[in-house]
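A.B. asks: Mind folding the following:
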Amino acid sequence: MARQLRAEQTRSTIITAAADLFDRRGYESTSLSDIVEHAQVTKGALYFHFAAKEDLAHAILELQSHTARRLARETDQRGHTSLEALMRLTFGITRMSVEDPVLRAGLRLATGGIRPRPPLSHPFTEWLDIVTARLVGAVKESDVHPDIDIDVVAHSLVCFFVGTRVVGRSREPVARQPRRTAEMWNILIRGLVPVTRRARYLSLAARLEREIVPV
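C.D. replies: Reported below is the predicted structural model:
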């Protein structure tokens with residue numbers, strides 16, 4: 001049992017080190033030797049868990065997918081409206097991305113052309129499915145205009161959310177991301193939400209930003 005625990009801890013350490021380097025340097029510019037040095041493990045330990053750099057990239061994408069699906073389930077289980085659940089999910093991903101290099105690296109891998117291995121879906125495909133389902137719910141709950149094209153809005157929202165994080169990565173500190181997510185929702189709410197319900201969701205966006213700003 002102790003040996004298994006050490007192996008799991010070593011694997012986690014390697015993944016975190018690889019994610020940090022992928023995030024800061026990029027996948028192509030990071031070697032396995034760099035990861036060994038950054039993780040402070042032996043080459044034997046790394047090759048015990050990962051035969052190639054591609055295996056590490058896939059492990060990071062798997063963790064990113066697991067986190068997104070877990071957060072989606074948690075927001076759904078708390079009795080929020082569909083729109084609030086979607087907003088909370090984007091802010092939750094933002095908060096965790098500020099703190100967790102695995103999520104930041106997952107985004108960089110996804111935008112850098114790294115393809116996940118089946119049966120894992122591409123992160124953007126997964127996000128489109130998550131957003132679409134909640135927009136359908138929001139229309140039914142009258143929190144979003146009934147005449148919207150859900151596919152178009154879902155695509156635009158995912159592009160907005162991903163693009164904000166990609167551009168921000170090279171231009172400003174990662175801790176700025178919560179503010180950018182709030183700005184994104186301020187724009188989307190004014191275009192999607194009926195006037196009678198708009199104040200509630202604008203207030204929610206401001207509150208969620210304050211809740212996740214790092215101390």
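A.B. asks: ranges for the helices of this protein?
C.D. replies: 2-25, 32-39, 43-49, 53-76, 82-99, 101-111, 123-140, 150-171, 177-192, 195-212 (DSSP state H).
A.B. asks: closest to Arg117 out of those helices?
C.D. replies: Minimum separation from Arg117 across the helices of the chain (C-beta to C-beta) falls at helix 53-76, 5.4 Å. Quick note: C-beta positions are derived from backbone N, CA and C, even for glycine.
A.B. asks: for the closest one, the distance to its chain's centre please.
C.D. replies: Distance of helix 53-76 from the chain centroid (C-alpha atoms, centre = their mean, to the nearest Å) equals 8 Å.
A.B. asks: Stretch 136-154 too?
C.D. replies: The answer for stretch 136-154 is 22 Å, by C-alpha atoms, centre = their mean.
A.B. asks: State the distance from the residue most central in space within the chain to Val162.
C.D. replies: Using C-alpha atoms, centre = their mean, the residue of the chain that lies closest to the mean C-alpha position is Ile93, 4.6 Å off. Distance of Ile93 to Val162, computed by C-beta to C-beta, to the nearest Å: 10 Å.
A.B. asks: same question, Ala154
C.D. replies: Ala154 is 12 Å from Val162, by C-beta to C-beta.
A.B. asks: likewise Arg69?
C.D. replies: Between Arg69 and Val162 the distance is 17 Å, computed by C-beta to C-beta.
A.B. asks: same deal with Lys53?
C.D. replies: From Lys53 to Val162 the distance is 23 Å (C-beta to C-beta).
A.B. asks: hmm, back to that, isn't the residue nearest to the centre of the chain up against Ser65?
C.D. replies: No - with contact defined as C-beta atoms under 8 Å, Ile93 does not reach Ser65; the gap is 11.8 Å.
A.B. asks: could I have stretch 129-136 exported to CSV, CA atoms only?
C.D. replies: Backbone C-alpha positions of stretch 129-136 (Å, rounded to 0.1, in the frame of the first residue of the first chain) are rendered in CSV as follows:
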residue,chain,number,x,y,z
ASP,A,129,-21.8,20.0,-25.3
ILE,A,130,-21.8,21.4,-21.8
VAL,A,131,-22.6,24.9,-22.9
THR,A,132,-25.3,23.8,-25.3
ALA,A,133,-27.1,21.7,-22.7
ARG,A,134,-27.3,24.6,-20.3
LEU,A,135,-28.4,27.1,-22.9
VAL,A,136,-31.2,24.8,-23.8
